[in-house]
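Colleague: give the three-dimensional model of this entry:
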Amino acid sequence: MTLPAATPREVRIALLLREEIALLDVRHEAEFAAGHPLFAANMAASRIALEAEMRLPRKDVAIVLYDNGEGLIPAACESLARLGYRNVRELAGGLKAWVAAGYELFQDVNSYAKAFGELVEHRRHTPSLPADDVAALIASGADIAILDVRRFDEYTTMNIPGSVSVPGAELVLRAAKAAPDPATTIVVNCAGRTRSIIGTQSLINAGVPNKVVALRNGTIGWTLARHGLEHGANRRGEIGAFADAESRARDVAYRAGVRRLDMEEFTALQARAGRTLYRFDVRSEDEYAAGHLAGFRHYAGGQLVQEVDMAAPVRGARIVLTDDRSIRADMTASWLAQMGWEVYVLDGGYDGALETGGPVVVPKPDPAHRYRRPYEGTDVSDEKMQAYLDWEFGLVEQLRRDGTHGFFVI
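Modeller: Residues are numbered from 1 along each chain as shown. The predicted structure is shown next:
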């Protein structure tokens, strides 16, 4: 099968014009993480049959495939053809041609979300404290609440002593329960930097009355400073929003340009067959399983912001979010809009018939093909952790050189 080709220049123009395009790296994740275009998404050729229909919902969407000379394109193309995709091209010259054209390569996974997080801190001067300062506050018995915004499984693996699990998009909904006294300082942490920056700025944007700071460099910075971690903790933050949290979250979304839909308007949007539409339920997995709107896929809001390249590989697509409490959808949507997405929040729908059952579970890749995150696990070397932080510090300048992002920060 001979595939039509798209030049690196044509792909770049599509990205700049925000046309719908899925630029797919068909290598394994470990190779993808070594270097890829900013808005490329990883979908290994061997996993297309498992992932494509969930991640690429429109069969005539523009897809451009590339590898780095490994010869993976024919198999990837055949897999897509068997599934009915009919607008598939290959990147002329592959990754080498992208580099030869003078375009940037980004390392790691979820790179553009991480770059966006660095841009947020750069432009908003998001407050943070180094690990030694937070450790001193803990030791002195200071009035602080440490909120861990990672997935719960990451939290249970290792966490800052005394911290409580409040995954990203849950912060505005649960902050008042975790820190009911406005005099309590809230410390937000993740493994590295991105989720703690976004989480801290979420609370600030929503006007939480408490002082809020990020733990600078997260558990990586904590470990490099030689402070101990807890293992196996199971403390979860309970629902309890501060006064006017719902209206404030809605205002944050409005300032970011998020649009709202009622059910009739949503039906009309779904009927627009010429555009890709992603539908995400951003609540907790338990809430989703208990009852969700038909056609909506579960993706917890904080992780959706972090992993939007995995959840929605079609750059330029539309996204609709739903949440029966609205706060999580509004805060999540506010960030996606700032990342250049056309995003909507669906109001209502939960008074009708709901589907039940947990999210679709896709088998995980062979561990041999996965990229080992430098913050993953408890046995990562200091050198790798520091190198990871140094890479993140350079992302704002790399975004400037790349020039395709279109991000803004409210």
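Colleague: give me the element Ile220 is part of.
Modeller: Element membership for Ile220, per DSSP states H and E: helix 218-224.
Colleague: for this protein, what are the low-confidence residue spans?
Modeller: Within the chain, the stretches with pLDDT under 70 are 1, 375, 377-379.
Colleague: can you do 90?
Modeller: For the chain, the stretches with pLDDT under 90 are 1-3, 273, 360-361, 363-385, 387-388, 391.
Colleague: please name the nearest non-neighbouring residue to the spatially most central residue of it.
Modeller: Centrality entry for the chain: nearest residue to the mean C-alpha point is Gln306, 1.8 Å, by C-alpha atoms, centre = their mean. Distance criterion C-beta to C-beta, 6 or more residues apart in numbering; nearest residue to Gln306, sequence neighbours excluded, is Ala113 at 5.2 Å. Yep, even glycine has a C-beta here, placed from its N, CA and C like the rest.
Colleague: doesn't Val305 make contact with the one you found?
Modeller: Yes: here Ala113 reaches Val305: they are 6.3 Å apart, a contact under C-beta atoms under 8 Å.
Colleague: which neighbours do these two have in common?
Modeller: Counting by C-beta atoms under 8 Å, 6 or more residues apart in numbering, the common neighbours of Ala113 and Val305 are Met339.
Colleague: who has more neighbours, those two?
Modeller: Counted by other C-beta atoms under 10 Å, Ala113 and Val305 do not tie: Val305 has more neighbours, with 30 against 22.
Colleague: how about that one, secondary structure?
Modeller: helix (DSSP: H, G, I helix; E, B strand; the rest coil).
Colleague: how about it: what's its closest non-neighbour residue?
Modeller: Val305 sits nearest to Trp335 (C-beta to C-beta, 6+ apart), 4.7 Å away.
Colleague: what's the answer for Glu53, then?
Modeller: Using C-beta to C-beta, 6+ apart, the nearest residue to Glu53 is Leu83, at 6.2 Å.
Colleague: spit out the contact partners of that neighbour.
Modeller: Per C-beta under 8 Å, 6+ apart, neighbours of Leu83: 48-49, 52-53, 59.
Colleague: dump those into CSV; add neighbour count as well.
Modeller: Formatted as CSV, these follow (neighbours: other C-beta atoms under 10 Å):
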residue, neighbour count
Ile48, 24
Ala49, 12
Ala52, 23
Glu53, 13
Lys59, 14
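Colleague: the residues you listed: which two are farthest apart?
Modeller: Farthest pair in those (C-beta to C-beta) is Ala49 and Lys59. Separation: 14.5 Å.
Colleague: phi, psi of Arg236?
Modeller: Per-residue torsions, Arg236: phi -120, psi 140 (degrees, to the nearest 10).
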